[in-house]
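Q: next come a sequence and a model predicted from it.
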Amino acid sequence: MSGTRDLDRRYVFHPFSMAQTHEQGGAQMMARSAEGCWITDDDGRRYLDAMAGLWCVNVGYGRERIADALADQARQLSYFHGFSSMATEPAAILAQRVIDKAPDGFSKVFFGASGSDANDTQAKLVWYYNNVRGKPEKKKIIARDRGYHGVSVMTGGLTGLPGLHAGFDLPLPMIRHVSAPHNIWTRHAGEDDAAFSARLAQELEDLILAEGPETVGAFIAEPVMGAGGVIVPPEGYFPAIRQVLDRYDVLLIADEVICGFGRLGHWFGSPATGMTPDLISVAKGITSGYAPLSGVLVGDKVWQVISGAGAAKYGVFGHGYTYTAHPVMAAAALANLDIVEEEGLVARAAEMGAYLNTALARAFDDLPIVAETRGKGLMAAVEFARPTAEGWQRFDAAQTVGPRIVRAALEDGVIVRALPNGDAVSFSPPFTVTPEEIDLAVSTVRKAAGAVCDALRADDAL
Ligand code: PMP
């Protein structure tokens, strides 16, 4: 093991990793440099990163222009904050550019440094909004199974993945979940989009009524669910959800941490999925991961309350981070958005997304353990399941079908992702990905899945 690998093994506490396994075996891969869609490790081996890091490196790696923007800003003004009405120029310019791209009805951005802190801010905004309005009971937040909203004390609970709750005493008591619109696991046989959407909206309404509408403050959802397995809502889903929320005065938060800034082939994911949110969270694609930066976009309805006379009783808005509106991060975001605009990368995400989705449908058509290939824009997934006479069945988590496919693909030099106990393998490459790179990613994962399918058959596990 190389010196730095050994340092990593001994001293780094890794996120979403098995503590004991890592301490014994060390890193799967140690990235050293990257260019375009390709990572080079400490042994000089190259990997095609079909996940854009963690769904974030939208403009690809190695952009001099963003590196220069970071360096220039660090030299000019390395840091200043936004507390007590202090301001910096890059943050002001960035806020205007974000609002310019956002759906109508948004006029303010609150900056943070991660998707988790953005969604934490959202929860506090919902509480503050309802306190100012004299509705102190209206605090519960409803999220969806398989949604991913972060890992903080609040957002780890909003995230609808049981593996993130067990061990941490989450979710907090004011959090509830409803079903995700999953074609394989929650859509009933023969149900069309309208009936599926209506049933899920009814489930939400039943929950709100059971809890008491006076206790429910907000519903949070990703336009297309990412980490939970690229779950695309059926036509009419968000309009049906919105009707229910409006009936009970419940806010809608769009978690656009992945979808925002082009991943669905549109600047924002909410309009592209029929979602009309009151609040929007962004992160990842705003800087393409070159710097940590997130934003909470506040819609006019909420802003009027926050900035109105009723809020005066609380004095200053008592929330913010040391790194809120960090000028160096904002400079990275501005250079990133320049690239996205000048190179027409949002349209390219749509074009390459269509290519990816077609390629997946074609390549995985003949594999018996594929329940579905799906996607929207430049995010896609293949759902693996056991075929039975009664329909699709989940593989036992212990069979780790998804993770085995991901590992085999990595050994062949392609990076994709699956949840530790999930069998949806996801693709989310940089927007600059080429058709040849997509073909390579798809054929490598197809080969890995074929080998795992053969192994399952050999073990009589199919
Ligand atoms: N929301 C969504 C939709 C995400 O995908 C993520 C991260 N994958 C988060 C929130 C949390 O972001 P972070 O890891 O930056 O806290």
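A: On my side now, so go ahead. Numbering: from 1, shown residues only.
Q: domain ranges for the chain?
A: What automatic domain parsing lists as the domains of the chain is 36-59+344-458, 66-342.
Q: the shortest one: end-to-end distance?
A: Right, domain 36-59+344-458. 39 Å (C-alpha to C-alpha, to the nearest Å).
Q: confidence score at the nearest residue to residue 373 once chain neighbours are set aside?
A: Excluding its sequence neighbours, the residue lying closest to residue 373 (C-beta to C-beta, 6 or more residues apart in numbering) is residue 360, at 4.2 Å. C-beta: built from backbone N, CA, C; applies to glycine. pLDDT, residue 360: 98.
Q: same check, this time on the one 5 residues further on
A: We have a pLDDT of 96 for residue 365.
Q: circling back to that earlier point, out of the domains of the chain, which comes closest to the ligand?
A: In terms of C-beta to the nearest ligand atom, the element of the domains of the chain nearest to the ligand is domain 66-342, at 2.2 Å.
Q: are that closest one and the ligand in contact anywhere?
A: Yes: contact of domain 66-342 with the ligand (C-beta under 6 Å from any ligand atom) involves 114-116, 119, 148-150, 222, 226-227, 255, 257-258, 283.
Q: so where's the stretch 201-350 of the chain uncertain?
A: Along the stretch 201-350 of the chain, no part satisfies pLDDT under 70.
Q: just the strands in it please.
A: Under the criterion DSSP state E, counting those that start in this stretch, the stretch 201-350 of the chain carries strands at the ranges 216-221, 251-255, 279-282, 294-299.
Q: would you list the ones you listed in a markdown table and tack on mean neighbour count?
A: As requested, the strands of the stretch 201-350 of the chain are exported to a markdown table (neighbours: other C-beta atoms under 10 Å):
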| stretch | mean neighbour count |
| --- | --- |
| strand 216-221 | 26 |
| strand 251-255 | 27 |
| strand 279-282 | 29 |
| strand 294-299 | 26 |
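Q: quick one: closest of these to residue 41.
A: strand 294-299 (28.6 Å; C-beta to C-beta).
Q: what residues does the closest one touch?
A: 98-99, 102, 105-115, 117-118, 121-122, 125, 257, 277-283, 286, 306 (C-beta atoms under 8 Å, 6 or more residues apart in numbering).
Q: quick check, central residue of this structure?
A: Most central in the chain under C-alpha atoms, centre = their mean is residue 258, positioned 3.8 Å from the mean C-alpha point.
Q: nearest spatial neighbour of that one, skipping sequence neighbours?
A: residue 226 (4.1 Å).
Q: what's the spacing between that neighbour and residue 328?
A: Using C-beta to C-beta, to the nearest Å, residue 226 is found at 27 Å from residue 328.
Q: host element of residue 183?
A: Residue 183 belongs to no helix or strand when assigned by DSSP states H and E.
Q: so who does it touch?
A: 372, 374.
Q: CSV please, covering the domains of the chain and showing distance to residue 25.
A: Shown next, in CSV, are the domains of the chain (distance: least, C-beta to C-beta, whole Å):
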stretch, distance to residue 25
domain 36-59+344-458, 13
domain 66-342, 21
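Q: and residue 13, which of those is closest to it?
A: Here domain 66-342 is closest among the domains of the chain (C-beta to C-beta), at 13.9 Å.
Q: what's the span of the closest one, first residue to last?
A: Domain 66-342: ends 14 Å apart by C-alpha to C-alpha.
Q: can you report how many residues lie near residue 302?
A: 22 (other C-beta atoms under 10 Å).
Q: that one is in contact with residue 253, isn't it?
A: No: with contacts counted by C-beta atoms under 8 Å, residue 302 stays clear of residue 253, the gap being 10.0 Å.
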